[in-house]
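Participant: below is the sequence, then the predicted model.
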Amino acid sequence: MSDLDTFRAEARAWLEENCPAEMRTPAKGDEDVCWGGRNFVFQSEAQKLWLEACVAKGYTVPDWPKAYGGAGLSPQETKILRQEMAKLGCRSPLNSFGIWMLGPALLKFGTEEQKVHYMGQIARGEIRWCQGYSEPGSGSDLVSMQTFGEDKGDHWVVNGQKIWTSYADKADWIFCLVRTDKTNKYQGISFLLFDMETPGVSTKPIKLISGNSPFCETFFDNVVVPKHQIVGEINRGWDVAKYLLGHEREMISGMGGDGGVTSIGAAMKATLSQEPVLRAQMALFDVDNLTFRAHGERFMDEWKTGKAHPAYSNLMKYVGTELNKKRNELVMSIGGSQALEWESERANGGSKARNWLRTKANSIEGGTSEVMLNVVSKRILEMPGG
Amino acid sequence: MAMTLNDDQNMLRDTARDFMASEAPVTHFRKFRDMGCKDGFSHGLWKQFAEMGFTGILIPEADGGMGMGQIEAGILLEEIGRNLSPSPFLTTSVAAVAALKLADKATRDRWFPGILAGETVIGIAIEEGVKHRPEKIACVAERSGNGFKLTGQKQFVVQGASSDMLIVAARTAGAAGETDGLTLFAVDKDAAGLSMEAARLVDSAVAAHVKLDGVQVDADAVIGDVDGGWAVLSKMLDAGRVGAAAEMVGVGTGAMDMTFEYLKTRKQFDRVIGEFQALQHRAAHLYGEMEGARSIVLKAQSLMDEGHAKAELYVAAAKAKAGLACNLSVREGVQMHGGIGMTDEYDIGLYMKRDRSLNEFFGDAYYHADRVATMNGY
């Protein structure tokens, strides 16, 4: 038996023993997802136990070093663990922008002290993070952002406004792009971390077309941020931001319901058998879905061994988000008039319609599809022109 | 397994890339096309394939071959596709070998040496209509003497008229539409009652219409089990499908690279046309489609090599996706080349023709998307 086979057997045994039965059923909605943080209320004892078991084992962030709360697994071991979790139907013990976005940036740009402190908190699910990037006047053209931190010696005083801050109203801390030099566009931005309870920080949820409010406007009114709460060098925050956007794109590209290859067609067979053209669309979607999963697997294998083009996550983001939108269009078409119901219990509170509308943001947030195509064209295909 | 090529596979790719580019580039294809070659390929090149060990890449080592898998065969096919290299590799070394591997020793000993030597060509006689419907096979094999008598017709038998043997699927029991009751036969090209009419295709390959008028074969011509031919046929078709998909990755990538190069050099309105965002976005989208196709083809190949239960599903998806992506690539290629893309002198149109044939071969994207739906339970 190879080392990896041994690892697979051990991982399987550990999961069998530690993952409560209730955590092996599919999450019904966002309320079943554990986001951690100071104010998180566990939905069940099983959810709490599952998180605690994973924290103790380092499995909330299996591929992070042990010193920062992870299990120090290799890329192959991490893949095997995820495969075994998928086989047993284990829910993710902890979802977090800290894990997906800030952690990788800290690992690359943070000081040793920051890694131990912040990554440890993230791994244990103690602090829930939000991301302060976009501003009302700075969407695709993010680098034009204006939120300003005035230098006051040992701290900055931050003033300005962010928008589309996911779950800002539920987050404990924010990682935030702040302009610290007004004379230099790219090299005048710093990457700051601060507590959302700092005086002067306020949030206001934005109601979206889905009827939900996952995004907020976030306001900063003379917010004091100590100088040691910077990641990377002063005025070099854009490097951190770009690196982190790569991870965000990876994350968004992975969206797609079950995140796997299971077709949604089988459950809809009764309808599809009566609708040949819709069935054909679903079949072509399944071809694209299987393709995307294989593509993602290949990308991750190449990424982790350093063989992928540094801009490749832009391509995955484009393909994955467009696919997810298509999936939800099909779900709505197959659902027919019942999928239109917005509140009824029969339509699960309008979940299909709300999810469908939510997915429209996939190809806007984290860089629009059009910006992704620009980047792929220029950086990967090396097309000419500015 | 990891979805990346290992060192040996990378080495094979480099070898195949150099070989096809130097021995069988598009100029080679043009030469044989323009001389109106009756075979549509060069027997000399087929010999060279053998000297490189390519022809026996899927033949087990115990039978004298290289004993490699679909990934390795696909590496060769991608380079064949990129260079439009004409050869019987897909039909003979991939599809036919997949079936013959399941035959008894006498049959293997009869055919493998010729394939290994680059002397034997084998045609795949499955299709009976203009679309791929293997389960609808109606060609009949009646018990007769110590063997069978075959009656019926086949078409789209690529390189059929150049073949030394045809693998013929015929019905020994059951009715058209049933998968039970089929049997595969190795039929010698000189068998009495066998006649062929060769037809040149749009991509200059030559395919045969085959008539079987009471062709008598011995019992030892059977490949696999009598009435149980579907199992062998499925293996042969899936090898051919994933192989055609790999070749389409090569055709699509070749067309795409040529087109991107053109976008970077062609000037209009005092600018290189690759500066126009309208073309950049289409180029980037095409790249994504081809990358997806490359990924699912690799996935399907590795699942086949593992003997995985999901291999059939992924092969269907791979044939469908590679077909759709390659087709997009050649269409965008001709359009983005503009007027020059319509000329016979320029190569992009040759890629468009090859794509059309490969898309149809062993079932088109719609056929395979339909199978994906069925296998996915709707």
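Facilitator: Received it, and whenever you're ready, just let me know what you need.

Participant: from here on, contacts and neighbour counts on C-alpha atoms
Facilitator: Noted.

Participant: these two touch, right, B:L58 and B:A96?
Facilitator: No. Taking CA atoms under 8 Å as the definition, B:L58 is not a contact partner of B:A96, at 10.1 Å.

Participant: B:V251 reaches B:C326, doesn't it?
Facilitator: Yes. Distance between B:V251 and B:C326: 6.8 Å, which falls inside the contact criterion (CA under 8 Å).

Participant: of the two, which one has the most company?
Facilitator: For B:V251 and B:C326, the more surrounded residue by other CA atoms under 10 Å in any protein chain shown is B:C326, and the numbers stand at 33 against 30.

Participant: check contacts around the more buried one.
Facilitator: Taking CA atoms under 8 Å, 6 or more residues apart in numbering or on different chains, we find B:C326 in contact with B:M248, B:V249, B:V251, B:G252, B:T253, B:M290, B:D355.

Participant: again with B:G341
Facilitator: The neighbours of B:G341, taking CA under 8 Å, 6+ apart as the test, are B:G333, B:V334, B:Q335, B:D347, B:I348, B:G349.

Participant: quick one: list the elements packing against the helix or strand that contains A:L177.
Facilitator: Here A:L177, judged by DSSP states H and E, is contained in strand A:173-179. Under the contact criterion of 3 or more CA pairs under 8 Å, 6 or more residues apart in numbering or on different chains; DSSP states H and E, strand A:173-179 touches strand A:129-132, strand A:148-151, strand A:189-195.

Participant: can you tell me how far A:M268 is from A:P26?
Facilitator: Using CA to CA, to the nearest Å, we find A:M268 at a distance of 18 Å from A:P26.

Participant: quick one on the thing from earlier: and the contacts of B:C326, which is closest to B:S204?
Facilitator: B:D355 (12.1 Å; CA to CA).

Participant: can you pick the most crowded of the contacts of B:G341?
Facilitator: With neighbours taken as other CA under 10 Å, the top of these is B:G333, carrying 27 neighbours.

Participant: doesn't B:D8 fall inside a helix?
Facilitator: Yes. Using DSSP: H, G, I helix; E, B strand; the rest coil, the assignment for B:D8 is a helix.

Participant: and it, how many neighbours?
Facilitator: 10.

Participant: what about A:M268 and A:P26, which has more around it?
Facilitator: Summary of the neighbour comparison: A:M268 and A:P26, criterion other CA under 10 Å, with A:M268 having more neighbours (16 against 12).

Participant: not counting its neighbours along the chain, what's nearest the closest residue to chain B within the stretch 1-150 of chain A?
Facilitator: Each residue of the stretch 1-150 of chain A has a distance to chain B, by CA to the nearest CA, and the smallest belongs to A:Q76, at 8.4 Å. Leaving out its chain neighbours, the residue that sits closest to A:Q76 by CA to CA, 6 or more residues apart in numbering or on different chains is A:L4, at 7.8 Å.

Participant: ok, back up a step: between B:V251 and B:C326, which contacts overlap?
Facilitator: B:D355.

Participant: could you pull out the helices for chain A?
Facilitator: Chain-ordered helices for chain A, with DSSP state H as the definition, fall at A:3-18, A:45-57, A:75-88, A:97, A:103-109, A:112-114, A:120-123, A:237-253, A:269-272, A:276-304, A:312-340, A:351-359, A:369-375.

Participant: and the second one, what's buried?
Facilitator: Spelled out, that is helix A:45-57. Within helix A:45-57, the residues scored as buried using 16 or more other CA atoms under 10 Å in any protein chain shown are A:Q47, A:K48, A:L49, A:W50, A:L51, A:E52, A:A53, A:C54, A:V55, A:K57.

Participant: before we move on, what about stretch B:46-64?
Facilitator: Of all the residues in stretch B:46-64, those buried under the rule 16+ other CA under 10 Å are B:46-50, B:54-60, B:63.

Participant: how close does the spatially most distant residue from the centre of chain B get to B:F276?
Facilitator: The centre of chain B is farthest from one residue, B:D270, which by CA atoms, centre = their mean lies 43.4 Å away. Taking CA to CA as the measure, B:D270 falls 12 Å from B:F276.

Participant: related to what we said a few turns ago, which one of the helices of chain A is the most hemmed in?
Facilitator: Among those, the stretch with the highest mean neighbour count (mean count of other CA atoms under 10 Å in any protein chain shown) is helix A:120-123, at a mean of 22.

Participant: what does that helix rub up against?
Facilitator: Applying CA under 8 Å, 6+ apart, the set of residues contacting helix A:120-123 from outside is A:55, A:58, A:60-61, A:68-70, A:96, A:98-99, A:103, A:127-128.

Participant: redo those as a markdown table? Include distance to B:K154.
Facilitator: What follows is the contacts of helix A:120-123, written out as a markdown table (distance: CA to CA, whole Å):
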| residue | distance to B:K154 |
| --- | --- |
| A:V55 | 64 |
| A:G58 | 62 |
| A:T60 | 59 |
| A:V61 | 59 |
| A:Y68 | 67 |
| A:G69 | 65 |
| A:G70 | 62 |
| A:S96 | 60 |
| A:G98 | 62 |
| A:I99 | 59 |
| A:G103 | 62 |
| A:I127 | 69 |
| A:R128 | 67 |
